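Participant: Would you be able to build a 3D model of this:
(one chain, ligands or ions: 1)
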Amino acid sequence: MTNTWWELNILSEPDLEDTIFWRLEKFGCRGTSVEIKGNVSLVKAYLPSFKVDLLDLSALSLWLRQDALCVGLPAPTLNWGLINEEDWSSSWKQHWKPEEIGDRFLINPAWLPLPQSSDRLVIRLDPGVAFGTGNHATTQLCLESLEMRFAEVPQSFTVTKEKGEPLIIADIGCGSGILGIGAILLGAGKVYAVDNDPLAVRSTFSNRNLNDIRPDSLVPLEGSVDMIKKIISQPVDGIVCNILADVIIELMPEMTAITKSSSWGIFSGILLEQSKGVIDALEQNGWIVATLWKRKEWCCLNVRRR
Ligand SMILES: C[S@@+](CC[C@H](N)C(=O)[O-])C[C@H]1O[C@@H](n2cnc3c(N)ncnc32)[C@H](O)[C@@H]1O
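Facilitator: Presented below is the predicted three-dimensional model:
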């Protein structure tokens with residue numbers, strides 16, 4: 001039997017895009033894309049039909065209206081329809097193009113040829129239904145933060161620590177695996193990538209293969225920080241975590257517990273107005289915020305242990 005999906009079409013003012021993406025992510029949507037049509041944005045998002053019913057979609061419509069009212073913008077219009085899986089993958093894939101991120105990365109959809117020549121680190125991706133195409137500001141901020149983090153010390157120190165051991169990173173909420181793959185390409189020795197969505201873990205596995213990364217370098221696991229805690233024999237050197245603010249706050253004590261006094265962290269998926277709450281939680285758990293980077297309505301915190 002063919003799997004069916006809800007296709008959601010949301011027409012809104014461009015200024016409302018980020019709020020809509022945030023709401024859709026919270027609602028559990030996947031494979032979001034945006035097109036500008038004249039002076040309106042058309043946001044498309046997809047959800048497996050078994051996950052929500054019509055009542056849930058009506059509630060989503062209400063939330064979208066309330067979100068718009070809160071920021072004084074006209075309410076967006078939401079329409080939905082059922083499509084089958086083949087239609088979903090072909091319609092979504094048409095919108096996704098290669099994209100340069102920061103100074104070092106190029107994200108290349110897996111079904112498109114690789115560039116003839118590029119001095120960038122190419123991440124080949126087929127996220128499937130997982131989040132993490134590189135389109136979203138929160139992912140971009142993480143990749144750029146990783147780039148900066150790895151540029152801070154000579155390459156020989158990033159690949160190997162003082163004792164000649166590989167640099168170990170935890171990617172919490174790995175989605176497509178984009179950040180873990182980026183970290184490996186930049187020189188990390190090992191990445192533990194966890195996600196509580198089994199489809200995201202499957203996507204990280206297949207993207208690891210697409211990028212010819214050794215299985216022992218990028219280790220995808222279903223679950224959350226507790227899974228990493230179970231598997232590691234020593235604390236991690238860095239954490240990258242692009243999940244929503246409330247989840248980051250909730251996971252903070254556990255994330256801190258898998259680090260050591262010299263570890264660093266990159267926390268994204270935080271709306272600007274939520275940054276204070278995350279910074280407070282970080283400070284209470286013994287972290288210092290070094291920089292706060294903003295893009296659109298989002299921010300990313302680059303932190304280190306106190
Ligand atoms: C915004 S996506 C980030 C994906 C990718 N890392 C990126 O930067 O594009 C957040 C991911 O976190 C996962 N997630 C949400 N809550 C989680 C939790 N408590 N533990 C682990 N993963 C979680 C979601 O399933 C989703 O794949």
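
Participant: so what's Leu141 up against?
Facilitator: Going by CB atoms under 8 Å, 6 or more residues apart in numbering, Leu141 touches 268, 293, 295, 298-300. The C-beta positions use only the backbone N, C-alpha and C, and glycine is treated the same way.

Participant: repeat that with 6 Å
Facilitator: 268, 293, 295, 300 (CB atoms under 6 Å, 6 or more residues apart in numbering).

Participant: Just give me the closest of these to the ligand.
Facilitator: The ligand lies nearest to Ser268 out of the contacts of Leu141, by CB to the nearest ligand atom, at 6.8 Å.

Participant: just the strands in the stretch 201-306 of the chain please.
Facilitator: Taking DSSP state E, counting those that start in this stretch to define them, one finds strands in the stretch 201-306 of the chain at 218-222, 236-242, 259-271, 287-295, 298-305.

Participant: Tell me which of the ones you listed sits nearest to Ile123.
Facilitator: Minimum separation from Ile123 across the strands of the stretch 201-306 of the chain (CB to CB) falls at strand 218-222, 11.9 Å.

Participant: Show me which parts of that closest one are buried, residue by residue.
Facilitator: Across strand 218-222, burial judged by 16 or more other CB atoms under 10 Å covers 218-221.

Participant: how about those residues, which pair is most distant?
Facilitator: Leu218 and Leu221 (10.6 Å).

Participant: Now do the longest helix along the chain: which elements does it pack against?
Facilitator: Counting residues, the longest helix found in the chain (DSSP state H) is helix 54-70. Applying 3 or more CB pairs under 6 Å, 6 or more residues apart in numbering; DSSP states H and E, one finds that helix 54-70 contacts helix 17-27, strand 77-84.

Participant: then that helix to PDB, C-alphas only?
Facilitator: In PDB, the C-alpha atoms belonging to helix 54-70 read as follows (Å, rounded to 0.1, in the frame of the first residue of the first chain):
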ATOM      1  CA  LEU A  54      -8.100  16.900  10.600                       C
ATOM      2  CA  LEU A  55      -8.700  18.200  14.100                       C
ATOM      3  CA  ASP A  56      -4.900  18.500  14.600                       C
ATOM      4  CA  LEU A  57      -4.600  20.400  11.300                       C
ATOM      5  CA  SER A  58      -7.400  22.800  12.400                       C
ATOM      6  CA  ALA A  59      -5.500  23.400  15.600                       C
ATOM      7  CA  LEU A  60      -2.400  24.100  13.600                       C
ATOM      8  CA  SER A  61      -4.300  26.600  11.600                       C
ATOM      9  CA  LEU A  62      -5.400  28.400  14.800                       C
ATOM     10  CA  TRP A  63      -1.900  28.500  16.200                       C
ATOM     11  CA  LEU A  64      -0.500  30.000  12.900                       C
ATOM     12  CA  ARG A  65      -3.200  32.700  13.200                       C
ATOM     13  CA  GLN A  66      -2.300  33.400  16.800                       C
ATOM     14  CA  ASP A  67       1.400  33.600  16.100                       C
ATOM     15  CA  ALA A  68       0.700  36.100  13.300                       C
ATOM     16  CA  LEU A  69      -1.500  38.200  15.600                       C
ATOM     17  CA  CYS A  70       1.200  38.300  18.300                       C
END
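
Participant: pLDDT on it, on average?
Facilitator: Per-residue pLDDT over helix 54-70 has a mean of 89.

Participant: residues of it that come out buried?
Facilitator: Across helix 54-70, burial judged by 16+ other CB under 10 Å covers 57, 60-61, 64, 67-68.

Participant: Out of those, flag the one nearest to Cys174.
Facilitator: Nearest to Cys174 among the buried residues of helix 54-70, with distances taken as CB to CB, is Leu60, at 25.5 Å.

Participant: In this model Lys26 seems to touch that closest one, though I could be wrong.
Facilitator: No - applying CB atoms under 6 Å, one finds Leu60 not in contact with Lys26, separated by 9.6 Å.

Participant: picking that back up, flag whichever of the contacts of Leu141 scores worst on pLDDT.
Facilitator: Pick the lowest pLDDT in the contacts of Leu141 and you get Arg295, at 90.

Participant: OK, contacts around the spatially closest residue to that one that is not a sequence neighbour?
Facilitator: Spatial nearest neighbour of Arg295, chain neighbours left out: Ala137 (4.0 Å); criterion: CB to CB, 6 or more residues apart in numbering. Neighbouring residues of Ala137 by CB under 6 Å, 6+ apart: 295-296, 298.

Participant: same question, Lys294
Facilitator: Residues counted as contacts of Lys294 (CB under 6 Å, 6+ apart): none.
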